[in-house]
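>>> just to be clear, the model below is a prediction. Sequence and coordinates:
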Amino acid sequence: MNCSKKIYIWQANDWPHWRYDLSALVGPLAEVSRAQGVLLGRLADVGLGLRDQASLAALTEDVVKTSEIEGEVLNVESVRSSIARRLGVDIGAVVPVDRHVEGVVEMVLDATSHVSASLTAKRLFAWHAALFPTGYSGMSKVAVGQWRDDADGSMQVVSGPLGRRKVHYEAPPATALPTEMARFLAWANAETGEPALIKAGLAHLWFVTLHPFEDGNGRIARAVGDLFLARADGSPQRFFSLSAQIQRERKDYYDVLERTQKGALDVTGWLSWFLGVLERAVASAQTALDAVLVKSRFWQRWAGTPLNGRQAKLLNRLLDGFEGKLTSSKWAAIGKCSPDTALRDITHLLDLGVLKKSPSGGRSTGYELAEG
């Protein structure tokens, strides 16, 4: 796939013969292993139920954040309900789930749970169809479950307003995709000798470089990476979210991708960044596990206290990290009840010592958990 003017990595004469300096990656690999060991050591000391809750929290964050990277905001409670139902985890009352949320959840769970299944074109097409259940991305029609055809021009990653667009990357032409994807999938399903985490980083980079779909390439690339990370872990449960950490480091993610895709086939720099963000993702999971343990202790303490459904729902929202100040009007809106009923709910919890008034000022009184 040669061009007279070579700008991108896929135009190199020796594409796709990836090269990397393993000696330079020994340190980052060791850091990831250390972080994983610390996290798994803590998880070994908790019961199966808490491990399920920790996995649910990680998967929920993964689904939400992989969409957020692309500028799409999903309802967290809807995502959590969808995953909990599929995993058989009891979270009490569930909320309605739309087809789009179900599709992203299906893709992420398939990637992280069915790790021994081969990665095939048919499987990737199913993931793509799940992402676009209506056949549209916003107002634009998407060719679902097939490689892109470049009917509207070459596939480019651009930014900026019309008239001043900056092209960050241009993918291989659609005519090359059948051959390119066949080569990628053959490598993905073969024993190729790389360390498992290195292969995960290469798989992510290779897929996103090919950009084989009309839309959804970033989310599917991260699902491909998650598949190989799950294979590396040898566990059907996920306890950390790489997508969440990439979202936190989104600018660096796009910068390192652009540098790599305009560089040579020595991708040591990309792999070093990938392993670094992975180590930070595993370390961040410690905070998520802390939240699961706090929630478990909270409900153990108040297990014998009669609470109505609204109170349980709002307390769980607080435990999961309620954004902003919880007021009686917000309670009424979320609990779908009258202001008087919301105030009775809150007063009852204040009398029990479950809630307390927030010290912050303002025109409306806010409430927070009395402990933790």
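Received it, and whenever you're ready, just let me know what you need.

>>> after the helix ranked longest in the chain comes which helix or strand?
In terms of residue count, the longest helix belonging to the chain (DSSP state H) is helix 268-301. Reading on from helix 268-301 to the C-terminus, the next helix or strand found by DSSP states H and E is helix 309-319.

>>> work out the gap between stretch 168-184 and the centre of the chain.
Relative to its chain's centre, stretch 168-184 lies at 25 Å (Cα atoms, centre = their mean, to the nearest Å).

>>> returning to that earlier point: what angle separates the longest helix of the chain from helix 309-319?
Relative orientation of helix 268-301 and helix 309-319, computed by axes from the mean of the first three to the mean of the last three Cα atoms, to 10 degrees: 140 degrees.

>>> other SSEs contacting helix 268-301?
Counting contacts by 3 or more Cβ pairs under 8 Å, 6 or more residues apart in numbering; DSSP states H and E, the secondary-structure elements packed against helix 268-301 are helix 22-44, helix 48-68, helix 196-210, helix 242-248, helix 250-261, helix 309-319. All C-beta atoms are positioned from the backbone trio N, CA, C, and that covers glycine.

>>> to Pro178, which of the ones you listed lies closest?
In this view, the helices and strands packed on helix 268-301 are compared for proximity to Pro178 by Cβ to Cβ, and helix 196-210 is the closest at 11.2 Å.

>>> with distance to Arg99, mean neighbour count and mean pLDDT added, can I get the helices and strands packed on helix 268-301 in TSV?
Output for those, formatted as TSV (distance: least, Cβ to Cβ, whole Å; neighbours: other Cβ atoms under 10 Å; pLDDT from 0 to 100):
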stretch	distance to Arg99	mean neighbour count	mean pLDDT
helix 22-44	33	15	92
helix 48-68	14	21	89
helix 196-210	25	23	97
helix 242-248	21	21	95
helix 250-261	27	16	95
helix 309-319	24	18	89
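
>>> could those go into CSV alongside distance to Ala171?
Putting these into CSV (distance: least, Cβ to Cβ, whole Å) gives the following:
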stretch, distance to Ala171
helix 22-44, 27
helix 48-68, 20
helix 196-210, 7
helix 242-248, 20
helix 250-261, 9
helix 309-319, 42
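
>>> tell me which of the ones you listed sits nearest to Ala182.
Taking Cβ to Cβ as the criterion, helix 196-210 is the member of those that comes nearest to Ala182, at 11.1 Å.

>>> which elements pack onto the helix or strand following that closest one?
Past helix 196-210, heading to the C-terminal end, the next element that is a helix or strand (DSSP H and E) is helix 217-233. Counting contacts by 3+ Cβ pairs under 8 Å, 6+ apart, the secondary-structure elements packed against helix 217-233 are helix 48-68, helix 99-113, helix 121-131, helix 196-210, helix 242-248.

>>> for Arg123, what are its contacts?
Residues near Arg123 by Cβ atoms under 8 Å, 6 or more residues apart in numbering: 110, 117.

>>> hmm, I was thinking of Leu319
Leu319 sits in contact with 291, 294-295, 298, 369, where contact means Cβ under 8 Å, 6+ apart.

>>> before we move on, what about Ser67?
Counting by Cβ under 8 Å, 6+ apart, the residues that Ser67 touches are 73-74, 104, 219.

>>> got TSV for these, with distance to Ala230 too?
As requested, the contacts of Ser67 are exported to TSV (distance: Cβ to Cβ, whole Å):
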residue	distance to Ala230
Val73	26
Leu74	21
Val104	17
Arg219	16
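
>>> give me the buried entries from these.
For the contacts of Ser67, a burial check counting by 16 or more other Cβ atoms under 10 Å picks out 74, 104, 219.

>>> ok, the spatially closest residue to Ser358 that is not a sequence neighbour to Lys356 distance?
Taking Cβ to Cβ, 6 or more residues apart in numbering as the measure, Ser358 lies nearest to Gly366, with 3.6 Å between them; neighbours along the chain are not counted. Between Gly366 and Lys356 the distance, using Cβ to Cβ, to the nearest Å, works out to 10 Å.

>>> so where's this structure uncertain?
The model of the chain has pLDDT under 70 over residues 1-5, 92-94, 361-362, 372.

>>> before we move on, back to that, any idea how far Lys325 is from the residue nearest to Ser358?
Gly366 sits 4 Å away from Lys325 when distances are taken as Cβ to Cβ.

>>> what's the answer for Leu109, then?
As defined by Cβ to Cβ, Leu109 lies at a distance of 34 Å from Lys325.

>>> go on, Ser360?
If you measure Ser360 against Lys325 using Cβ to Cβ, the figure is 7 Å.
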